[in-house]
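Student: Fold the following, please.
(one chain, ligands or ions: 2)
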Amino acid sequence: MVSNVIEFQDVSKTYPNGTEALKEIDVSINEGEVVGLIGQNGAGKTTTVKLLLGLLKPTSGIVKLWGEHSYTLLSKTKKRIGFLLEDKGLYENLTVEENVLFWAKVYDADEQEVEKTLKGWNLWNERKMFVKDLSRGMKQRLAIAKAVIHNPHFIVMDEPTSNLDPVSRRTVVDLLKGFAGSDRTIFLTSHDLYDIERICTRVIMIRCGVIIADGSMEELRRQLKVGKEVKITVSRDIEGVLRNNISKRYPIKEIKDREILVSGEHCDTKDIVRFLIKNDVDVERVEEKKITLEDIYIEIIKEDEDR
Ligand SMILES: Nc1ncnc2c1ncn2[C@@H]1O[C@H](COP(=O)(O)OP(=O)(O)O)[C@@H](O)[C@H]1O
Ligand SMILES: [Mg+2]
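Tutor: Ligands and ions are numbered 1, 2, ... in the order given. Predicted coordinates for the structure are as follows:
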């Protein structure tokens, strides 16, 4: 039986200064799902994470973890959760190994897990180094390693792949991907679609505190109407009656001088070409462009920045 781990029921969060960070969020997440919450800066990702961990109380609505209110979790339930926040919770003047050992003690984890965890997150050779001497990428791996030392059933990570150079980022993404391939439930945030796409099986897109899409990458493509676009270059300007007729018949996005831009999943390019030729317009070039989810996401970001 698939059981429900997280439940947001009509959750809104307004901060004391009046900022409405989340508006009427309804989401439930099942055991074993690897969910990525993606959105621009200020979209409400960290607020969602804090509500999940019970660090914030919703203004209205209910957040539940395994059926318990997240704001008043029992301590034995808390031990089933691993988390990584923006402040990584590392001790700079302790070594890598000491940091992990410390958290193992906090969570009553088996000390034998320390070696296994350090090896699993590629930190075994650095175990005697002080945290303050580590690179950003190593610190991030350590922060994740210590967050999962007690083998939690549910792991929440706020932007685990941010602020890393491309190589470290790749390593962290690959390690998280391997880690996610088990029956643990994972919830992570990112403003980068690429990371989410690599790690998660389900993506929730949030914008200004509202969920705008939720599902597998394939479902997101459908929800956000990701399709194709065809650019037809013709021999002369399309004007007057012809222009009207084409626009009426086909899903035209734009006609500019000698270029016709057709959008939509169901556009029949051959039919448009036949129609043009019948109307004495020669077709010089037909280019098909598949719109990706990345294109749509960038479009959304651009709109938000222009506001
Ligand atoms: N403690 C706070 N007090 C007032 N406003 C806040 C506070 N924390 C976050 N916000 C605002 O709430 C919105 C969502 O923030 P946040 O959840 O941190 O977004 P994200 O993590 O997606 O960048 C933003 O407009 C942010 O400025
Ligand atoms: Mg944030």
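Student: where does the chain have low pLDDT?
Tutor: 1-2, 182, 264-266 (pLDDT under 70).
Student: Around ligand 1, pick out the residues from it.
Tutor: Counting by CB under 6 Å from any ligand atom, the chain comes close to ligand 1 at 15, 17, 19, 21, 39, 41, 42, 43, 44, 45, 46, 47. Using the backbone N, CA and C atoms, a C-beta is placed for each residue, glycine as well.
Student: Point to the residue nearest the middle of the chain.
Tutor: Note on the chain: the residue nearest the mean C-alpha position is residue 38, at 3.3 Å, using CA atoms, centre = their mean.
Student: close enough to count as contact, residue 135 and residue 167?
Tutor: No. The criterion here is CB atoms under 8 Å, and residue 135 misses it with residue 167 at 10.0 Å.
Student: Tell me the buried residues within the residues of the chain next to ligand 1.
Tutor: 21, 39, 43, 44, 45, 46, 47 (16 or more other CB atoms under 10 Å).
Student: Take those residues and write them to JSON lines, including distance to residue 72.
Tutor: Converted to JSON lines, these look like this (distance: CB to CB, whole Å):
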{"residue": "21", "distance to residue 72": "21"}
{"residue": "39", "distance to residue 72": "28"}
{"residue": "43", "distance to residue 72": "27"}
{"residue": "44", "distance to residue 72": "23"}
{"residue": "45", "distance to residue 72": "23"}
{"residue": "46", "distance to residue 72": "21"}
{"residue": "47", "distance to residue 72": "19"}
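Student: so can I have a markdown table of those showing secondary structure?
Tutor: Putting those into a markdown table (DSSP: H, G, I helix; E, B strand; the rest coil) gives the following:
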| residue | secondary structure |
| --- | --- |
| 21 | strand |
| 39 | coil |
| 43 | coil |
| 44 | coil |
| 45 | helix |
| 46 | helix |
| 47 | helix |
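Student: same for ligand 2: which of the residues you listed are within range?
Tutor: 45, 46 (CB under 5 Å from the ion).
Student: For the stretch 51-200 of the chain, which segments count as strands?
Tutor: 60-65, 68-69, 81-84, 154-157, 185-190 (DSSP state E, counting those that start in this stretch).
Student: how about the residues of the chain next to ligand 1, which pair is most distant?
Tutor: Distances among the residues of the chain next to ligand 1 were taken as CB to CB; the most separated pair is 17 and 39, at 20.4 Å.
Student: Since that was my last question, I'll sign off now.
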